[in-house]
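K.L.:
pasting the sequence and the predicted coordinates here, then a few questions.
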Amino acid sequence: MSEPRNRSYVVNGLVVRNCSEYMHLDNSACNLASLNLLRFLDDDGAFDVEAFQAAVQVVFTAQEILVGNADYPTKAIGETSRRFRQLGLGYANLGALLMAQGLPYDSDEGRAWAAAITALMTGHAYETSARTAARMGPFAGYSDNEEPMSRVLRMHRDEVAKIDEELVPPELLSAAQEAWDNAVALGQKYGVRNSQATVLAPTGTIGLMMDCDTTGIEPDLGLAKLKKLVGGGTMTIVNQTVPRALARLGYTVDQINEIVAYIDEHKSIVGAPHLQAEHLPVFACSMGDNTIHYPGHVKMMGAVQPFISGAISKTINMPEDVTIDDVEQLHIDAWKLGLKAVAIYRDNCKVAQPLSTAKKEKDAATTDDATATIDAAAEELKSEVARLEAMIRQPIRKKLGRTRNSKTLSFRVADCHGYVTVGEYDDGRPGEIFLKVAKQGSTLAGIMDAFAISVSHGLQYGVPLRAFVEMYTNMRFEPAGMTDDPDIRFASSLVDYIFRRLAVQYLPQDERAELGILTIEERKQPTLPGVEEATTPTSSGSEIVPDPAPAPVVEPALALEATAKDAPYCYACGNVMQRAGSCYVCSSCGTTSGCS
């Protein structure tokens, strides 16, 4: 389904832009699977074609079964994926396989091997898909795409003839040709079960679990690599294929041990003892002092792209000093080779990168420079810590989520009716308030809004609700009077009621007891919460209790001030109560706060 003129990907009339390894219909998905190619290479260097075909058939069939049993992110993706049944079989460890064979990654032989293996994989996958279609029927969208699908299969088959037969084992190339002949013949007779069979994914994480030295179609990043871990720290990854490659190239056991020891010490093979110069390209990597020139990456992708249903997700590593013109030319070369996707990474273009080549430890001559650099970095770190400490001292606003729980309370103070809406955090703490008072004019509405915004900001910047309660309760201004709240029968102002109500709603009982804000049920208790009733022993016989000492004389004005200061209002009649011991009593109707 590649359109030859501008190398775009045409699917049912839609031209798809080149990116990533999966390029198919909108609202569709494919499940991925990868085979470790090195597992199919015998000790003598022969590729086990029969075992590889068996693995392709089993894994591809398992992927096909999963299409109908999988869950998808959206209904549309599920419907399209089940209608076209796209699969993404691929492989990993190609770079290690070529190294084990003693073949440079950037060589005609290496590209011919990669092309033949990829052709066998995709050809046998489509052959399996056609045999499945003979039993289960082709994919649902096949009838609308029968002619283009058959043409694509024939184009894949024709590309096999372009592989240089002198550079690959004859049994591998003949198996690939036979697989494509069968795929085309069976596809024309039965159709195919899957509209897509193969892609080449990065396999960055699963490659480690599969014991791969290289991921996807990539060469090795470096013979010794450092991988940064998500949870912190690093992990050293050492290529395990080097001894096998050296043995393949004819080195003795002692020579191999010395070369491997040199790599362990210097983190590079350049300059290793006994290593012949013509063998150095076999161990070339994406980064380091023995690198693959970046056109070699593009050529490898161009060699295997004709045998991939989808695209290739691969990084083309470019040196730090690469120019804009170099990048432009690379994209042109990729387009000329018919690639559907190309991704570039320039070395050290980021402050931190997940993979990097390991370096030899600094010798003593550079230790002083390193120490000076560390000291400078330490001073810079101290300055940064001081700046961060200054930031930490600043108040931090914790906003409520876009969706939050809230409570709306209706109230009436005297003849004034209103509503207060309290927005809450997830743990139930108040984080904002909105006030609405009936029959308010524009001026009062603005004042109430400004007041509510001020309180809301205070709550979000960490001001305790108790601080607001202590500040605003007992404020006296109109409207004031009786309320319709059984727990707060009288309010000296709107804000007095509002914060008493918020205290009842959100403050614990012991704090409210200290503030003298109790519900009607709490007032009816024989004692205040947490206070035990005191008992006075009685006198018997001739015991005579002495008269109490006379009370000190207090000026009437001072006595009234001491009695009425911050005294609550009677919940029965609304008059100011007077202190009586640790409680309050109403001088008008005799109602007490519960303990006098």
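P.N.:
Received it, and whenever you're ready, just let me know what you need.
K.L.:
C-alpha only now, for contacts and for neighbours.
P.N.:
Will do.
K.L.:
please pull out the lowest mean pLDDT helix or strand from the protein.
P.N.:
Using mean pLDDT, DSSP states H and E, the weakest-scoring helix or strand in the chain turns out to be helix 556-564, at a mean of 46.
K.L.:
ok, then the element right after it?
P.N.:
With elements assigned by DSSP states H and E, the helix or strand that comes after helix 556-564 is strand 578-580.
K.L.:
same for that next one, what does it pack against?
P.N.:
For strand 578-580, the helices and strands in contact under the criterion 3 or more C-alpha pairs under 8 Å, 6 or more residues apart in numbering; DSSP states H and E are helix 556-564, strand 583-585.
K.L.:
which residues does the residue nearest to residue 433 when sequence neighbours are not counted contact?
P.N.:
Among residues not flanking residue 433 along the chain, residue 422 sits closest, at 4.5 Å (C-alpha to C-alpha, 6 or more residues apart in numbering). Residues in contact with residue 422 (C-alpha atoms under 8 Å, 6 or more residues apart in numbering) are 406-408, 430-434.
K.L.:
of those, closest to residue 509?
P.N.:
Nearest to residue 509 among the contacts of residue 422 is residue 430, at 16.6 Å by C-alpha to C-alpha.
K.L.:
who's that closest one bridged to?
P.N.:
Residues in a beta bridge with residue 430, per DSSP bridges, are residue 424.
K.L.:
can you tell me the number of residues neighbouring it?
P.N.:
Counted by other C-alpha atoms under 10 Å, the residues lying close to residue 430 total 23.
K.L.:
ok, now which ones touch it?
P.N.:
422-424, 459, 506.
K.L.:
now do 10 Å
P.N.:
Residue 430 makes contact with 400, 405-407, 422-424, 456, 459-460, 464-465, 502, 505-506, according to C-alpha atoms under 10 Å, 6 or more residues apart in numbering.
K.L.:
can you say which of those residues are buried?
P.N.:
Neighbour counting by 16 or more other C-alpha atoms under 10 Å classes 400, 406, 422-424, 456, 459-460, 465, 502 among those as buried.
K.L.:
mark which of those are part of helices, please.
P.N.:
456, 459-460, 465, 502 (DSSP state H).
K.L.:
so which of those is the closest to residue 211?
P.N.:
Lowest distance from residue 211 to those (C-alpha to C-alpha) belongs to residue 460, with 51.5 Å.
K.L.:
ok so, going back, strands - which of the contacts of residue 422 land there?
P.N.:
406-408, 430-434 (DSSP state E).
K.L.:
quick check: the farthest pair among these?
P.N.:
408 and 431 (13.5 Å).
K.L.:
which one's more surrounded, those two?
P.N.:
Using other C-alpha under 10 Å as the criterion, residue 408 and residue 431 rank with residue 431 on top: 24 against 13.
K.L.:
contact partners for the more buried one?
P.N.:
The contact partners of residue 431, by C-alpha under 10 Å, 6+ apart, come to 398-400, 404, 406, 422-425, 455-462, 465.
K.L.:
can you check residue 153 too?
P.N.:
1, 123, 126, 180-181, 183-185, 187-188, 307, 309.
K.L.:
what do you get for residue 303?
P.N.:
Residue 303 touches 108, 110-116, 118, 163, 337-339, counting by C-alpha under 10 Å, 6+ apart.
K.L.:
ChimeraX command for the buried members of these?
P.N.:
The following ChimeraX line selects those of the contacts of residue 303 that are buried, judged by 16+ other C-alpha under 10 Å:
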select :108,110,111,112,113,114,115,116,118,163,337,338,339
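K.L.:
what's the helix or strand for the nearest residue to residue 229 once chain neighbours are set aside?
P.N.:
Distances taken as C-alpha to C-alpha, 6+ apart place residue 235 nearest to residue 229, at 7.1 Å, with adjacent residues excluded. Following DSSP H and E, one finds residue 235 within strand 234-238.
K.L.:
which of the residues in that strand are buried?
P.N.:
Using 16+ other C-alpha under 10 Å as the test for burial, strand 234-238 gives 237-238.
K.L.:
pLDDT on it, on average?
P.N.:
Averaged across strand 234-238, the pLDDT comes to 75.
K.L.:
counting contacts, what elements does it pack onto?
P.N.:
Under the contact criterion of 3 or more C-alpha pairs under 10 Å, 6 or more residues apart in numbering; DSSP states H and E, strand 234-238 touches strand 224-228, strand 355-357.
K.L.:
who does it pair up with?
P.N.:
Sheet pairing for strand 234-238, using DSSP bridges, gives strand 224-228 (antiparallel).
K.L.:
and the strand it pairs with, how far out from the chain's middle?
P.N.:
22 Å (C-alpha atoms, centre = their mean, to the nearest Å).
K.L.:
run the chain-centre distance for stretch 335-347.
P.N.:
Here stretch 335-347 is found 27 Å from its chain centre; the criterion is C-alpha atoms, centre = their mean.
K.L.:
distance between the ends of it?
P.N.:
With C-alpha to C-alpha, to the nearest Å as the measure, stretch 335-347 spans 23 Å from end to end.
K.L.:
offset the numbering so it begins at 537, please.
P.N.:
New numbering, starting at 537: the last item is stretch 871-883.
K.L.:
pLDDT of it, averaged?
P.N.:
The average pLDDT within stretch 871-883 is 89.
K.L.:
stretch 689-707 now?
P.N.:
Rounded mean pLDDT across stretch 689-707 is 96.
K.L.:
please point out which parts of that stretch sit buried.
P.N.:
Buried residues in stretch 689-707 (16+ other C-alpha under 10 Å): 689-693, 696, 699-701, 704.
K.L.:
same check on stretch 994-1007?
P.N.:
For stretch 994-1007, by 16+ other C-alpha under 10 Å, it's 994-997, 1001-1002, 1004-1005.
K.L.:
now stretch 973-980
P.N.:
Using 16+ other C-alpha under 10 Å as the test for burial, stretch 973-980 gives residue 973.
K.L.:
what is the mean pLDDT for it?
P.N.:
If you average the pLDDT over stretch 973-980, you get 77.
K.L.:
now swap in stretch 1009-1021 and tell me
P.N.:
Taken as a whole, stretch 1009-1021 has an average pLDDT of 87.
K.L.:
quick one: the strands in the stretch 587-736 of the chain, in order.
P.N.:
With DSSP state E, counting those that start in this stretch as the criterion, the stretch 587-736 of the chain has strands at 623-628.
K.L.:
so where's it uncertain?
P.N.:
Judged by pLDDT under 70, the stretch 587-736 of the chain has no weakly predicted residues.
K.L.:
thinking again about what came up before, weakest of the helices and strands packed on strand 770-774 by average pLDDT?
P.N.:
strand 891-893 (a mean of 60).
K.L.:
so where is the stretch 837-986 of the chain shaky, pLDDT-wise?
P.N.:
887-907, 927, 929, 976.
K.L.:
try 80 this time
P.N.:
884, 886-909, 911, 923-932, 974-978, 980 (pLDDT under 80).
K.L.:
so where do the helices sit in it?
P.N.:
860-872, 903-929, 978-996 (DSSP state H, counting those that start in this stretch).
K.L.:
next: the stretch 587-736 of the chain.
P.N.:
611-620, 630-636, 644-672, 682-696, 706-726.
K.L.:
of those helices, which is nearest residue 595?
P.N.:
Nearest to residue 595, of all the helices of the stretch 587-736 of the chain, is helix 644-672, at 9.3 Å by C-alpha to C-alpha.
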